[in-house]
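Enquirer: following is a predicted model, sequence given first.
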Amino acid sequence: MDYVSALVPPIVMAAFFIGLVRVIVKTQGGAAKAKEDAAVDAMASARAGRTAASAGTASPDA
């Protein structure tokens with residue numbers, strides 16, 4: 001019976017991993033894709049603006 005206790009955890013983890021991959025694949029695209037893309041674009045532009053603003057000022061450590 002040691003083989004059963006040795007095989008159960010990997011089988012359970014594999015089942016959860018397959019479920020996770022299926023959820024990720026199902027949620028790609030669809031009606032929420034435009035909203036997600038807009039959120040990513042907003043974060044990217046905010047980060048770019050913050051980087052450009054910090055590049056123009058000298059840091060106090062320098």
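Expert: It's in.
Enquirer: quick check: next helix or strand after the helix ranked longest in the chain?
Expert: In terms of residue count, the longest helix belonging to the chain (DSSP state H) is helix 2-26. Per DSSP states H and E, the first helix or strand lying C-terminal to helix 2-26 is helix 33-55.
Enquirer: quick one: the lowest-mean-pLDDT helix or strand in the chain to chain centroid distance?
Expert: Lowest on mean pLDDT, DSSP states H and E among the helices and strands of the chain sits helix 33-55, with a mean of 83. With C-alpha atoms, centre = their mean, to the nearest Å as the basis, helix 33-55 stands 16 Å off its chain's centre.
Enquirer: same question for stretch 29-44.
Expert: Using C-alpha atoms, centre = their mean, the offset of stretch 29-44 from its chain centre is 13 Å.
Enquirer: who's in contact with it?
Expert: The set of residues external to stretch 29-44 that reach it, using C-beta atoms under 8 Å, 6 or more residues apart in numbering, is empty. Heads up, the C-betas are built off the backbone N, CA and C, glycines and all.
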